[in-house]
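>>> here are the coordinates; sequence isn't available:
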């Protein structure tokens, strides 16, 4: 029995390793092909810089780029925080009163379906630049939090709700011990989407602000490098943005897993 | 029905009524008349079963007694023991599903009614553990509901209903979703608990055999709107055990109850 178990366990372990090894191989092969193509065809860096040049630029320009990265990350974080708090708070408000929900929900949708790139220039006129950029990140990110939290709060098991009623639970008790825990997987799902979206919102607003002639975030660096034909720096900034997006998603995924691992199907191993 | 004799375990408070329903009807918002008029009296310490076709309003009766819904007309009286402030505190409810909170431990699930009533944490934990011990799950206090089998989840649900030490236990087809072997075991455990704790139990079921095995009185209901078709007293040697399940008296009672139930199904050919 144990020998058989070992036999079946081995391919499973190999399969798991392959899930990490294969993308790495593809990545390495892609980078190598890129590097070789640039060198063999002697492509100038202002058309397509080699990966090695991008990395060197990243190191050389680190002082400027790290500053910009910090700016963009701060904007993203502020937008994300505002979207999380605002989205959850509004969903709770909707849940307490149908009238509030009927009155406000259409406007939340309007805010969601209007492209933020079209609103950004207006916001930049009326608001201080830093505030406008954060508001853009907020607008893009808050809707998934709102709609997911609303869905979660409405998904409470009917019998459990009856049980709370039976034992005379007050409204705050029902919210704290029943509705919020039941909605937690949905809220975390919304936050995971919102993390990536707030980065997008911040970048979009920075580009809009950049063309207006101000700003120092990564997106502004990309636009600026474009005007100056500093393509290696453009790529370096893009690389940083991409990494930032991956880290944000990764952190939120880990948080979600840690919070839900003991009870929610989404966080449990498939073999259970 | 003759008043008959009841088991000695339930002798205390026999003169008092636990629940009485007088001319109770229930009409839902969509105009469907679910119940009544319905009259029922249950004495303290009695174990009665409500038996009837699906949709006959059995669960509605429990929800009315638990004050989870209000009657359209008639009077529902429930005897609360003195000192009860919180509504529903004197009542334990076991649903058809275990209805456990998946995000917290078994102990926290059982402690919930006490937590909602503001019982201090240390005391509540002790009472939750005692309730878990009474259903034989003392070792599983720290487990999460998803780690338990269907029968164990139902025991947790029972422990939660018992943790407030209610006078009345309402059970809404609690074992319907379980396999027969598990159901028989839980039937015996429930009878043992009832004998030792002396609670009033109102047990809703659609199983003739289960109702006869468990209860002192089987109340057979008609199809919607639910009324009382028959009120049959089950008398046998207490305490009941597996030998009762195979006795001639048991099959006689089952036949009698089935016969009382038959007219309820006559107009239900569409089901």
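Happy to help now that I have it. The model shown is predicted, which means the values in this text are computed figures rather than measured ones.
>>> how close does residue B:48 sit to chain A?
20 Å (CB to the nearest CB, to the nearest Å). Placement of C-beta: from N, CA and C, glycine included.
>>> just the strands from the stretch 1-150 of chain B, written as ranges.
Using DSSP state E, counting those that start in this stretch, the strands found in the stretch 1-150 of chain B span residues B:17-27, B:33-43, B:47-51, B:73-78, B:91-94.
>>> ah, wrong one, I meant the stretch 151-271 of chain B
Under DSSP E, counting those that start in this stretch, the stretch 151-271 of chain B gives strands at B:168-172, B:200-205, B:217-221, B:228-233.
>>> which residues sit against the first one?
When you say that, I think you mean strand B:168-172. Here strand B:168-172 makes contact (CB atoms under 8 Å, 6 or more residues apart in numbering or on different chains) with B:18-19, B:58-59, B:62, B:65-66, B:78, B:90-96, B:161-162, B:199-204.
>>> can you give me the neighbour number for residue B:153?
Residue B:153 has 22 neighbours, counted by other CB atoms under 10 Å in any protein chain shown.
>>> so what pLDDT did it get?
Here, the pLDDT recorded for residue B:153 equals 92.
>>> wait, doesn't it sit right on residue B:100?
Yes - applying CB atoms under 8 Å as the test, residue B:153 and residue B:100 come out as touching, 6.1 Å apart.
>>> what touches both of those two?
residue B:145.
>>> which bits of chain B sit near chain A?
Neighbours of chain A within chain B, by CB under 8 Å from any CB of the partner chain: B:66-68, B:86-89, B:91, B:93, B:95, B:97, B:99, B:101-104, B:112-113, B:115-117, B:144-146, B:164.
>>> domain ranges for chain A?
A:1-42, A:51-267 (automatic domain parsing).
>>> among those, show me which one is buried the most.
domain A:51-267 (a mean of 18; mean count of other CB atoms under 10 Å in any protein chain shown).
>>> circling back to that earlier point, show me which of the residues of chain B next to chain A are buried.
B:66, B:68, B:88-89, B:91, B:93, B:95, B:97, B:99, B:101-104, B:112-113, B:115-117, B:144-145, B:164 (16 or more other CB atoms under 10 Å in any protein chain shown).
>>> just those: which are in helices?
Mapping these onto helices (DSSP state H) picks out B:112-113, B:115-116.
>>> residue B:263: which of those is nearest?
Closest to residue B:263 out of those is residue B:113 (39.8 Å), distances taken as CB to CB.
>>> if we can go back for a sec, mean neighbour count and mean pLDDT added to the strands of the stretch 151-271 of chain B, as CSV?
As requested, the strands of the stretch 151-271 of chain B are arranged in CSV below (neighbours: other CB atoms under 10 Å in any protein chain shown; pLDDT from 0 to 100):
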stretch, mean neighbour count, mean pLDDT
strand B:168-172, 24, 91
strand B:200-205, 25, 92
strand B:217-221, 25, 90
strand B:228-233, 17, 84
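>>> for these, which one sits closest to residue A:195?
strand B:168-172 (43.2 Å).
>>> listing partners with orientation, what would you give for that closest one?
strand B:91-94 (parallel), strand B:200-205 (parallel) (DSSP bridges).
>>> I figured residue B:193 hits residue B:134, correct?
Yes - in this structure residue B:193 lies within contact range of residue B:134 using CB under 8 Å: 6.6 Å.
>>> name the residues contacting each of those two.
residue B:162.
>>> pLDDT wise, what is residue 208 at?
The chain I'm using is chain A. pLDDT, residue A:208: 84.
>>> nope, chain B
Value listed for residue B:208 in the pLDDT field: 88.
>>> now do the contacts for residue B:51.
Counting by CB under 8 Å, 6+ apart, the residues that residue B:51 touches are B:58, B:205-208, B:211, B:218-221, B:257, B:261.
>>> that one and residue B:253: what is the separation?
Separation of residue B:51 from residue B:253 (CB to CB, to the nearest Å): 12 Å.
>>> which residues do these two both contact?
The contact lists of residue B:51 and residue B:253 share residue B:218, where a contact means CB under 8 Å, 6+ apart.
>>> sorry, back to before: wait, which of the strands paired with strand B:168-172 is closest to residue A:160?
strand B:91-94 (11.5 Å).
>>> and the closest one, how far out from the chain's middle?
The chain centre lies 8 Å from the centre of strand B:91-94; the measure is CA atoms, centre = their mean, to the nearest Å.
>>> can you name the residue of the stretch 151-271 of chain B nearest to chain A?
Nearest to chain A, among the residues of the stretch 151-271 of chain B, is residue B:164, at 7.8 Å (CB to the nearest CB).
>>> hmm, that residue is touching residue B:111, no?
No - judged on CB under 8 Å, residue B:164 makes no contact with residue B:111 at a distance of 10.6 Å.
>>> re the thing from before, show me the contacts for the residue of the stretch 151-271 of chain B closest to chain A.
A:167, B:89-90, B:92, B:113-114, B:117.
>>> also residue B:208?
Per CB under 8 Å, 6+ apart, neighbours of residue B:208: B:51, B:254, B:257-258, B:261.
>>> who wins for neighbours among the residues you listed?
Of these, with other CB under 10 Å as the count, residue B:51 tops at 29 neighbours.
>>> quick check: closest non-adjacent residue to that one.
residue B:211 (4.7 Å; CB to CB, 6 or more residues apart in numbering or on different chains).
>>> from memory the one you found sits against residue B:257, does it?
Yes - Residue B:211 is in contact with residue B:257 according to CB under 8 Å; the separation is 6.7 Å.
>>> quick check: the two most widely separated of the contacts of residue B:164?
The most distant members of the contacts of residue B:164, if one measures by CB to CB, are B:90 and B:114, lying 14.0 Å apart.
>>> where along the stretch 51-200 of chain A do the helices fall?
Secondary structure of the stretch 51-200 of chain A (DSSP state H, counting those that start in this stretch): helices at A:51-60, A:62-96, A:98-113, A:116-126, A:129-153, A:158-166, A:171-174, A:180-211.
>>> can you say which of those is nearest to residue B:188?
helix A:158-166 (25.6 Å).
>>> do any residues in the closest one lie close to chain B?
Yes - judged by CB under 8 Å from any CB, helix A:158-166 comes into contact with chain B at A:159-160, A:162-166.
>>> can you pull the contacts of residue A:181?
Residue A:181 neighbours (CB under 8 Å, 6+ apart): B:101, B:103-104.
>>> still on that earlier bit, let me have the strands paired with strand B:168-172 in a markdown table, extended by distance to residue A:89.
Converted to a markdown table, the strands paired with strand B:168-172 look like this (distance: least, CB to CB, whole Å):
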| stretch | distance to residue A:89 |
| --- | --- |
| strand B:91-94 | 33 |
| strand B:200-205 | 42 |
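>>> quick check: closest non-adjacent residue to residue 138.
Since no chain was named, I'll use chain A. residue A:82 (4.3 Å).
>>> that's the other chain; I wanted chain B
residue B:132 (5.5 Å).
>>> got the contact list for that neighbour?
Contacts of residue B:132 by CB under 8 Å, 6+ apart are B:106-107, B:110, B:138, B:140-141, B:156, B:159.
>>> residue A:48 contacts residue A:35, doesn't it?
No - between residue A:48 and residue A:35 no contact is recorded; they are 10.8 Å apart, counting by CB under 8 Å.
>>> contacting residues around stretch A:104-114?
A:90, A:94, A:139, A:142-143, A:146.
>>> pLDDT at residue A:215, what is it?
Reported pLDDT for residue A:215: 59.
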